[in-house]
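K.L.:
Quick one, structure for this:
(one chain, ligands or ions: 1)
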Amino acid sequence: MSFSVLFRSVYSGLVRMTVACGLFAFGISPLVSVAAEVENMRVPQIYQTYCASCHGREHEGGLGGSLADGVWKHGDSDEEIFQSIKVGNVDLGMDPWEGVLSDEQIRGLVIYLREREQEFEFRERKFPTPSPDQVATTDRHNYRTEIVADGLDIPWSIAFLPDGRYLIAERPGPLRVIEADGTVNEPVRRTPRVVHHGQGGMMEVALHPDFEENGWIYLAYSDGTDRRGNVSTMTTLARGRIVDNEWTDNEELWRADREFYTRSGLHFGTRIVFQDGYVFFVIGDRGGWHVSQDLSNPSGNVFRLHDDGRIPEDNPFVGRDDALPEIWSYGHRNPQGLAFDLRNGDLYSTEHGPRGGDEFNHIQRGLNYGWPVVTHGMNYDGTPITEKTEAPGMEPPVIEWTPSIAACGLAVCCGTAFPNWRHDFFAGGLASQELRRLRVQDRQVVEEEIVVKGAGRIRDVRFGPTGNLYLVINDPHRVLRLLPAE
Ligand code: HEC
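P.N.:
Numbering: from 1, shown residues only. This next block holds a predicted model:
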């Protein structure tokens, strides 16, 4: 045993003895009392109380190694870091924390360490940032940036009209036509009334694939009441047409039973995508957590309907008394990105985790995506949720992001503008202000790259008719267009 190792283990033994002596003085067993003290602690507080003395307040290292530099001597997977903490390494002077910290808390520490590790890594790195007078460089394409429309009111979604104009859904309610030159028109008159509350409002606009023949425009929005401060809302799906800047032929395609309307301002979803005459959309858990596991509750599901709103007879839960027949998949927290793989028709989502555990999911018929029974995240306040990241019968994400990117908006590259990105997925992030390019092969992500960072919160991501990439940004509230610049 070298001197330094000997010193470490003597030191850590002393620390333990000191804690133990102090506690024995009060006549209580140290383990029980530490556990009681620690039970209600948030993870950052646990770290500062029990880990910082050896690993540094900023995780920079000390007696124990740095936990921020991305070097994990004893294994760098979540599971290995979990074991490093749980089982410890007494020879090297790392105590086992099993019995003092619960598995949930140790899982929380792993998430917390991952956050700091990324912060540390990103401090050193340069990312492509769009700016109108500069070309940004990425692995497979360089791009330049144009501001398409500016000064919008919390834009959430964009759709492209065949004549070169755009439709923009703004969360407070208005749906607007933007001219090809960026002129922002007055709101379309007589659109469905939305209750703009919390994260809810006018959330999504999408054109039917045969729009040029049938003129149908689909909307998803928070419907409900807000009389005298008595708010009660739920996501609703409707379609209609625009004639002379007025919404006409409105058809409500799906709405929840009144009993599922809630005061909550959280997790409305939603995106709308089409395939083979079906329309898919999604509603988050509305803050209700376990409702996502309840098939009789519309919150926390991906839905599949015929494009006219009828329920397809081959939906997975048709004929069951305890399930809504419109459900396609369940156990979702709050998906805000949906896109099809154009090569094989597979459906993918991006989904907000809590703190950590954002997901890129391959959405399949009838499957359970696990929220909140399993998750890679913890609560925003740093209290743990569960140590379980997988369970039988629950579909794991293709990839997950810890720390969270606040995943919002998902698109697949099509068109001719960016040939080297063809069929890649592009996932936006709100808090991270990132756009991540994902190359999917055999249902695995084989490449991941941050192609945009720091241009604002990315709310929606779409490829335009010729394959230019459009980003709907919040703060500042604008639409950006990325064009190839080779
Ligand atoms: C008494 C000092 C001490 C305390 C307190 C301590 N550690 Fe450690 N820790 C160490 C030492 C020493 C190592 C081994 C370092 C090495 O191998 O170079 C270690 C290793 C680790 C590793 C593995 C690192 C790697 O590179 O693979 C992790 C993770 C870790 N500690 C987390 C924690 C957490 C979380 C806490 C608080 C709950 C904690 N430690 C408290 C001393 C400590």
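K.L.:
C-alpha from now on. contacts and neighbour counts both.
P.N.:
Will do.
K.L.:
Show me which positions of stretch 69-76 end up buried.
P.N.:
Using 16 or more other Cα atoms under 10 Å as the test for burial, stretch 69-76 gives Asp69.
K.L.:
which other residues reach it?
P.N.:
For stretch 69-76, the external contacting residues (Cα atoms under 8 Å, 6 or more residues apart in numbering) are Glu60, Glu80, Ile81, Ser84, Glu117, Phe120, Glu121.
K.L.:
Now with 6 Å, please.
P.N.:
Glu117 (Cα atoms under 6 Å, 6 or more residues apart in numbering).
K.L.:
start at 43 instead
P.N.:
I'll keep to 43 as the first residue from here, and by that count the last item is stretch 111-118.
K.L.:
Quick check: end-to-end length of it?
P.N.:
End-to-end distance of stretch 111-118 (Cα to Cα, to the nearest Å): 12 Å.
K.L.:
same check, this time on stretch 405-418
P.N.:
End-to-end distance for stretch 405-418: 18 Å, by Cα to Cα.
K.L.:
now do stretch 138-150
P.N.:
End-to-end distance of stretch 138-150 (Cα to Cα): 16 Å.
K.L.:
Sort out which residues of it are buried, please.
P.N.:
Pro138, Trp139, Val142, Leu143, Ser144, Asp145, Glu146, Gln147, Ile148, Arg149, Gly150.
K.L.:
Now do the contacts for Pro426.
P.N.:
Pro426 touches Glu146, Gln147, Gly150, Met420, counting by Cα under 6 Å, 6+ apart.
K.L.:
repeat that with 8 Å
P.N.:
Applying Cα under 8 Å, 6+ apart, the residues near Pro426 are Arg84, Val85, Glu146, Gln147, Arg149, Gly150, Gly419, Met420.
K.L.:
so what's the third one up against?
P.N.:
Under the criterion of Cα under 8 Å, 6+ apart, the neighbours of Glu146 are Pro426, Ile427, Thr428, Glu429.
K.L.:
What of the first one?
P.N.:
Listed by Cα under 8 Å, 6+ apart, the contact partners of Arg84 are Asp423, Gly424, Thr425, Pro426.
K.L.:
As a markdown table, these with distance to Phe316, pLDDT and secondary structure would be great.
P.N.:
Compiled in a markdown table, the contacts of Arg84 are given as follows (distance: Cα to Cα, whole Å; pLDDT from 0 to 100; DSSP: H, G, I helix; E, B strand; the rest coil):
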| residue | distance to Phe316 | pLDDT | secondary structure |
| --- | --- | --- | --- |
| Asp423 | 37 | 95 | coil |
| Gly424 | 38 | 95 | coil |
| Thr425 | 39 | 95 | coil |
| Pro426 | 37 | 95 | coil |
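K.L.:
Just the buried residues of these.
P.N.:
The neighbour count (16+ other Cα under 10 Å) marks Gly424, Thr425, Pro426 as buried among the contacts of Arg84.
K.L.:
Model confidence score at the nearest residue to the second one once chain neighbours are set aside, please.
P.N.:
Which is Thr425. Nearest non-adjacent residue to Thr425, counting by Cα to Cα, 6 or more residues apart in numbering: Arg84, 4.8 Å away. pLDDT for Arg84: 95.
K.L.:
coming back round to it: any chance of the contacts of Glu146 in a markdown table, with distance to the ligand and secondary structure too?
P.N.:
Output for the contacts of Glu146, formatted as a markdown table (distance: Cα to the nearest ligand atom, whole Å; DSSP: H, G, I helix; E, B strand; the rest coil):
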| residue | distance to the ligand | secondary structure |
| --- | --- | --- |
| Pro426 | 14 | coil |
| Ile427 | 17 | coil |
| Thr428 | 17 | coil |
| Glu429 | 15 | coil |
